[in-house]
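next input, structure requested:
(4 chains)
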2 protein chains.
Amino acid sequence: MMKKKISIKDIAKLTDTSITTVSFVLNGKGRISKEISKKILDVAQKNGYEPNRMAVGLRTGVSKVIGLIVESIGGPFFGEMAKVIEEEAEKGGYRIIYCSTNNNLQKGKDMIRMLSQQLVDGYIITPMKGLEKDIQNLVDNEKPVVLIDGYFPGTNIPHVLVDNFASAYNAVDCFVRSGYKNIGMVTADLGLIQLNDRSLGYKAALKDNKLKDSSKTVLKIPFDMDKNEGVEAIKAFIEKQKQMDAIFFTTNYLGTMGLQAIKDLKLSIPEDIAVISFDDNEVFSLYPPGITTIQQPTYDIAKSAIDILMAQINTHKLDASKIDLQIPSKLIERGSTLAKVSA
Amino acid sequence: MMKKKISIKDIAKLTDTSITTVSFVLNGKGRISKEISKKILDVAQKNGYEPNRMAVGLRTGVSKVIGLIVESIGGPFFGEMAKVIEEEAEKGGYRIIYCSTNNNLQKGKDMIRMLSQQLVDGYIITPMKGLEKDIQNLVDNEKPVVLIDGYFPGTNIPHVLVDNFASAYNAVDCFVRSGYKNIGMVTADLGLIQLNDRSLGYKAALKDNKLKDSSKTVLKIPFDMDKNEGVEAIKAFIEKQKQMDAIFFTTNYLGTMGLQAIKDLKLSIPEDIAVISFDDNEVFSLYPPGITTIQQPTYDIAKSAIDILMAQINTHKLDASKIDLQIPSKLIERGSTLAKVSA
DNA sequence: ATCATTTGGTAAAACGTTTTAATTGCCTAC
DNA sequence: GTAGGCAATTAAAACGTTTTACCAAATGAT
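Purely as a prediction, here's the structure:
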């Protein structure tokens, strides 16, 4: 059965022309007469000719593949992104090769090294601490790169992400508008700039609202803590901060851990404690009384990222080094931040 | 800056040997003396030599890439799978190129066609109606293929999936054990064999338990219905079936729609209605009182799939056509199926 | 009529590898 | 000492494209 793939050479033979002619016709390059063109196109069509990407890649140095390196595709945030990126890339004839690092630095380095074996034409990467050198190296070698969801302060690598500072600021503002005054925060210890920006936004908002900004109101979950331990830590935190009437979770997974903790403590939302979490997801919309969240504009982020990458790929001399896109988020207000009734 | 990639030819020049010698040493093939080997290895190492995958691919016809075609990587089920597959593939030096079809048949066909341009060495595909021909074609051309999450009845394509029949059967059994007798089902109209198997399991269990099996107790949500419409449909269904005291949702997304519907109707779980859903996820564990779910063994499925694929790739003559792996699921019992108290 | 230009087409090199078959020198056996 | 065998190395072909440079014939200008 195994019908051999047909090559440009076969087509040349079949149409009594030369390899060059066929290549020209197929790529619309040289000047070939209508008749011959038609004949070649017909034969190619009929035999289902598809160019051998390896050969093209070898000859041209272009793979038509872009590398997507994310922390974990499992999350609700990246799944959505991946979809958009893939869809958009496909329009330009590009495919996505996907790798996840699971926050493992060595794995990240390995992935970059592997992909750089003239395998991909560009990169979309969620940066992690320690990868600066490797990524900068790509940029220096004139490989198109776009960072999403984070960036490296002080470097010139284009990036697009949500406006973390403003988002966190707005969250606190929302609490304040509803009458909450003792606002705690739970964040993670991943060394990620985006989390840091969220912390800064939180602190700035507290300050602007003349609320107490004690380091006591902040809990940092170590990056290697598992889910159960995390829940316990949050429970302890809540019990210790008796006066706290609102909590801001800086990531989606912290938010669900927080809900578990609050449930375990048999506290009610928002009467005992109001809640806002980063990253909207199904849990938050469904969980009674509905959890107020900061919805990241995943579509916009992904779209912008791939657009910028494509622009770099297509026009070689584009200077993308100054691109710093911070996209506003949307605060989805739900029951967990209803106005406080009494004191 | 742009340092040219070093090639095997460069190494040959640098070490005063031939291209062949270098290739042999690097691949541990020919018989080359220790000294020369060492010299070559050293130079290669020092210059960070990496083989050009395109060239290797062209010459050998092996791309070291496998294609993963799924319905949507967004879902909780596939995100997890993708991770395992990627991890496992990497051990064999393979990378994953990923595409999603969004249940669009043409897109599925296109993806297969694109990937087959000698781009990938094997496929892991979640099958959809209408793709039989295209996939069978791959198999006929001796491309390794493994289907996950579904299969084509009557064809000889290896597949691995959860035991849908038994899983649904167990769900009904669980209801019965807890005293529920009027058990409805909500499923989708996607033409997927796995959903069909779940329906069969449900019906068989009803029959074995001598419960009424009326087509009235089954709701089929059309595949093109959006979320809100779906919720409304489920609400109407519940209101109409007054005597119904338990519902089985055949997929994860139907389950969350169902929760929304039940919430809207202000019914309480499990007093007014007991619930089981396919596909465990965070919502179900968190949503009070905890929703009983059928947890798919994602790890096992993914691991088996990639293992079978690798086996096919590595030993060309493996006959995988008879592989039909149905892996048991795990019923996670939570509050939504607590024993019924009275009648 | 002659030279320049355009038009339609092709030969051949190159991309970086793998692999087959050949070459050289050396050793062993008779 | 010569035929055969083995060890170490390499030349060259091939994978399927793209592209440069060239060629022949036809057209146009003088």
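
now do the phi/psi pair for A:Y123.
Main-chain dihedrals, A:Y123, degrees, to the nearest 10: phi -130, psi 140.

so how far is stretch A:29-48 from its chain's centroid?
Here stretch A:29-48 shows a centroid-to-chain-centroid distance of 43 Å under the convention C-alpha atoms, centre = their mean, to the nearest Å.

ok, is that stretch in contact with chain B or not?
No - Stretch A:29-48 lies out of reach of chain B by C-beta under 8 Å from any C-beta of the partner chain, never closer than 8.7 Å. (C-beta placed from N, C-alpha, C; glycine too.)

give the buried residues for that stretch.
Using 16 or more other C-beta atoms under 10 Å in any protein chain shown as the test for burial, stretch A:29-48 gives A:32, A:36-37, A:39-41, A:43-44.

filter those by proximity to DNA strand C?
Taking C-beta under 7 Å from any atom of the strand as the test, DNA strand C is in contact with A:32, A:36 out of the buried residues of stretch A:29-48.

surely A:L267 and A:K242 touch.
No - in this structure, A:L267 is not within contact of A:K242 by C-beta atoms under 8 Å, at 11.7 Å.

between the two, which one's more packed in?
A:L267 (15 against 8; other C-beta atoms under 10 Å in any protein chain shown).

which residue is the nearest non-sequential neighbour of that one?
Excluding the flanking residues, the one nearest A:L267 by C-beta to C-beta, 6 or more residues apart in numbering or on different chains is A:I273, at 5.5 Å.

ok, how many other residues are close to the one you found?
The tally of other residues near A:I273 (other C-beta under 10 Å) stands at 21.

host element of A:L147?
Using DSSP states H and E, A:L147 sits within strand A:145-148.

how near is the one residue in the stretch 51-200 of chain A that gets nearest to DNA strand C to DNA strand D?
Proximity of the stretch 51-200 of chain A to DNA strand C (C-beta to the nearest atom of the strand) peaks at A:R59, 3.5 Å away. A:R59 sits 4 Å away from DNA strand D, going by C-beta to the nearest atom of the strand, to the nearest Å.

same question for A:G154.
38 Å.

now do the least confident helix or strand in chain A by mean pLDDT: everything it contacts.
Scoring the helices and strands of chain A by mean pLDDT, DSSP states H and E places helix A:76-91 at the bottom, with a mean of 88. Helix A:76-91 has contacts (C-beta atoms under 8 Å, 6 or more residues apart in numbering or on different chains) with A:66, A:68, A:70-73, A:95-96, A:98, A:124, A:126, A:148-149, A:252, A:279, A:281-282, A:296, A:298-299, A:301-303, A:305-307, A:310, B:72-75, B:78-79, B:98-100, B:102.

the inter-axis angle of that helix versus helix B:76-91?
Helix A:76-91 and helix B:76-91 are oriented at 70 degrees to each other (axes from the mean of the first three to the mean of the last three C-alpha atoms, to 10 degrees).

quick check: closest non-adjacent residue to A:G130.
Excluding its sequence neighbours, the residue lying closest to A:G130 (C-beta to C-beta, 6+ apart) is A:L105, at 4.4 Å.

just give me the neighbour total for the one you found.
13.

what about the contacts of helix A:76-91, which are in strands?
Members of these lying in strands (criterion: DSSP state E): A:66, A:68, A:70, A:95-96, A:98, A:124, A:148, B:98-100.

where's the residue of the stretch 151-300 of chain A at minimum distance from DNA strand D relative to B:F175, distance?
Distance from DNA strand D to each residue of the stretch 151-300 of chain A (C-beta to the nearest atom of the strand) is smallest for A:P158, at 26.8 Å. Separation of A:P158 from B:F175 (C-beta to C-beta, to the nearest Å) stands at 55 Å.

give me the three-state assignment for A:M225.
Of the three states, A:M225 takes coil under DSSP: H, G, I helix; E, B strand; the rest coil.

the helix or strand where A:K133 lies: how far from the chain's middle?
A:K133 belongs to helix A:132-140 when assigned by DSSP H and E. Offset of helix A:132-140 from its chain centre (C-alpha atoms, centre = their mean): 19 Å.

so which bits of chain A are right by DNA strand C?
Residues of chain A lying close to DNA strand C by C-beta under 7 Å from any atom of the strand are A:17-21, A:24, A:30-33, A:35-36, A:55, A:58-59.

name the nearest of these relative to B:N164.
A:A55 (43.2 Å; C-beta to C-beta).

ignoring the adjacent residues along the chain, who's closest to the closest one?
Of all residues not flanking A:A55 in the chain, B:L58 sits nearest, at 5.2 Å (C-beta to C-beta, 6+ apart).

contacts only, for the one you found.
So B:L58 contacts A:52, A:54-55, A:58 (C-beta under 8 Å, 6+ apart).

which SS class is A:S321?
Three-state call for A:S321 (three-state DSSP): coil.

pretty sure it is in contact with A:N156, am I right?
Yes - in this structure A:S321 lies within contact range of A:N156 using C-beta under 8 Å: 3.8 Å.

tell me which element A:M185 falls in.
A:M185 belongs to strand A:183-189, assigned by DSSP H and E.

I'd like the average pLDDT over that strand.
Throughout strand A:183-189, pLDDT has a mean value of 96.

ok, now stretch A:56-71?
94.

and it, C-alpha only, in PDB?
The C-alpha trace of stretch A:56-71 is given here as PDB (Å, rounded to 0.1, in the frame of the first residue of the first chain):
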ATOM      1  CA  VAL A  56      12.800  23.000   2.600                       C
ATOM      2  CA  GLY A  57      14.000  23.700   6.000                       C
ATOM      3  CA  LEU A  58      17.500  22.500   5.300                       C
ATOM      4  CA  ARG A  59      17.800  24.600   2.100                       C
ATOM      5  CA  THR A  60      16.100  27.700   3.400                       C
ATOM      6  CA  GLY A  61      16.900  27.600   7.100                       C
ATOM      7  CA  VAL A  62      13.300  28.200   7.800                       C
ATOM      8  CA  SER A  63      11.300  25.600   9.700                       C
ATOM      9  CA  LYS A  64       7.800  27.200   9.800                       C
ATOM     10  CA  VAL A  65       7.600  26.000  13.400                       C
ATOM     11  CA  ILE A  66       7.500  28.200  16.500                       C
ATOM     12  CA  GLY A  67       8.400  27.100  19.900                       C
ATOM     13  CA  LEU A  68       6.000  27.600  22.800                       C
ATOM     14  CA  ILE A  69       7.700  27.200  26.200                       C
ATOM     15  CA  VAL A  70       5.300  27.500  29.100                       C
ATOM     16  CA  GLU A  71       5.400  26.700  32.800                       C
END
